[in-house]
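*Asks:* predicted coordinates and the sequence they were generated for:
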Amino acid sequence: MDRYVTGAVIRSLRESKGLTQEELASRISVSGKAVSKWETGQGLPDISLLEPLSKALGVSLIELINGEPIRNCNRSFNMYKSRFYVCPVCGNIVAAAGEAVMSCCGITLPPLEAEDCDDEHRIVVEPVEDEYFVCIDHPMTKEHYISFLAAISDSGIQLAKLYPEGYAEARFKRSRVRFFLAYCNRHGLFRIRI
């Protein structure tokens, strides 16, 4: 680890919360002398204390370790930059409106990178009244299948979870959809723009 909690960070966060060293110490079940040693650089908190310390100081663990508060300066988002994460252990699907750090089953999940469709993963889109019928001619065995189909618009994500031995198809509302995604459990994420 490149960084660790510094005494200056602990002191600054403690003072911003209006806590004395003794009050902070009692919240995390250590002595006031321990907090004093941390703040003067004569010692460091044990790693088992980092989570209770971050809660007592009202910051995330990442903020505590980095020593800088995380502020969201850009409150707008773009659904076209949505990212998908799939857990290789349980198959959980997580969608985010942008870059994020996601974990599941004790694993940090990398974001899926969408590729253009190839011959084996050709997404077919047909308009049907106020919906799109989306299908993909792909094996749906227990070992090799399409796990989900998704429609992305500027206002949100529509997600259809698929299962082995079922059909690789779904219907999505047409409202401003710009592209579709299909996730193959062996070959990754594929995209088609409309």
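*Replies:* Thanks, I have it.

*Asks:* measure stretch 100-113 end to end?
*Replies:* 14 Å (C-alpha to C-alpha, to the nearest Å).

*Asks:* what values do phi and psi take at the residue sitting furthest away from the middle of the chain?
*Replies:* Distance from the C-alpha centroid of the chain, by C-alpha atoms, centre = their mean, peaks at residue 33 (38.5 Å). Phi and psi for residue 33, reported as degrees, to the nearest 10, are phi -60, psi -40.

*Asks:* helix or strand right after the helix or strand bottoming out on mean pLDDT in the chain?
*Replies:* The helix or strand of the chain with the poorest confidence is helix 61-66; it has a mean of 80 (mean pLDDT, DSSP states H and E). Counting by DSSP states H and E, the next helix or strand C-terminal to helix 61-66 is strand 83-86.

*Asks:* partners of that following strand in the sheet?
*Replies:* strand 93-96 (antiparallel) (DSSP bridges).

*Asks:* quick one: contacts of the partner strand?
*Replies:* 82-87, 102, 104, 109, 147-148, 150, 157, 159, 161, 183 (C-beta atoms under 8 Å, 6 or more residues apart in numbering). The way it works is simple: take the backbone N, C-alpha and C, and place the C-beta from them, glycine included.

*Asks:* avg pLDDT for stretch 103-120?
*Replies:* Mean per-residue pLDDT for stretch 103-120: 92.

*Asks:* report the buried residues of it.
*Replies:* 104, 109, 111, 112, 114, 117 (16 or more other C-beta atoms under 10 Å).

*Asks:* who's in contact with the last one?
*Replies:* Contacts for residue 117 were tallied using C-beta under 8 Å, 6+ apart; they are 123, 182, 190, 191, 192.

*Asks:* bridging residues for the most centrally placed residue in the chain?
*Replies:* Nearest to the geometric centre of the chain sits residue 102, at 3.3 Å (C-alpha atoms, centre = their mean). Counting by DSSP bridges, residue 102 is bridged to residue 109.

*Asks:* isn't it right next to residue 86, touching?
*Replies:* No. Residue 102 is not in contact with residue 86 according to C-beta atoms under 8 Å; the separation is 9.7 Å.

*Asks:* spit out the residues that contact the two alike.
*Replies:* Common contact partners of residue 102 and residue 86 (C-beta under 8 Å, 6+ apart): 94, 109.

*Asks:* please, where are all the strands along the chain?
*Replies:* 83-86, 93-96, 102-104, 107-109, 115-116, 123-128, 131-136, 146-153, 156-161, 169-173, 177-184, 188-193 (DSSP state E).
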